[in-house]
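Peer 1: structure, please.
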Amino acid sequence: MTAELREIITSIKEKTARLHAAYENEKSKNYDLTNKVKSLEDKNTELNDKIRKLSHELETIKLTNTLTNKETKEEAKGQINTLIRDIDNCIALINKM
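Peer 2: This is a model prediction of the structure:
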């Protein structure tokens, strides 16, 4: 083999080694980012659940305040009717299953 051919082969081997190292580095970064995304998705789900619970608690508190306040009987009736409609919708969805 000529010296020129050996240099080309050596250059190709070096470039291949660098390419492989860069690939492994990117693969590691991808793995880390995938884990981070999963962690953030889990936290997002957890926070959305907390928001739903707090919203439900707020609605309960509002309903309790409305029912205990004699000045807003019409508003209380409206909220009760809304709750009854929600319950009816839930029952209808269950019956569809």
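Peer 1: mind listing the helices for the protein?
Peer 2: Per DSSP state H, the chain carries helices over the ranges 3-68, 73-96.
Peer 1: how much does the shortest one deviate in direction from helix 3-68?
Peer 2: Helix 73-96 and helix 3-68 are oriented at 130 degrees to each other (axes from the mean of the first three to the mean of the last three CA atoms, to 10 degrees).
Peer 1: from the contact counts, what lies against helix 73-96?
Peer 2: helix 3-68 (3 or more CB pairs under 8 Å, 6 or more residues apart in numbering; DSSP states H and E). C-beta: built from backbone N, CA, C; applies to glycine.
Peer 1: the helices of the chain: lowest mean pLDDT?
Peer 2: Mean pLDDT is lowest for helix 73-96 among the helices of the chain, at a mean of 83.
Peer 1: just put the helices of the chain in JSON lines and tack on mean neighbour count.
Peer 2: Output for those, formatted as JSON lines (neighbours: other CB atoms under 10 Å):
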{"stretch": "helix 3-68", "mean neighbour count": "10"}
{"stretch": "helix 73-96", "mean neighbour count": "11"}
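Peer 1: so which residue is dead centre in the chain?
Peer 2: By CA atoms, centre = their mean, the mean C-alpha position of the chain lies nearest to Glu41, the distance being 3.7 Å.
Peer 1: separation between it and Leu47?
Peer 2: Glu41 is 11 Å from Leu47, where distance means CB to CB, to the nearest Å.
Peer 1: repeat that for Met97.
Peer 2: 29 Å.
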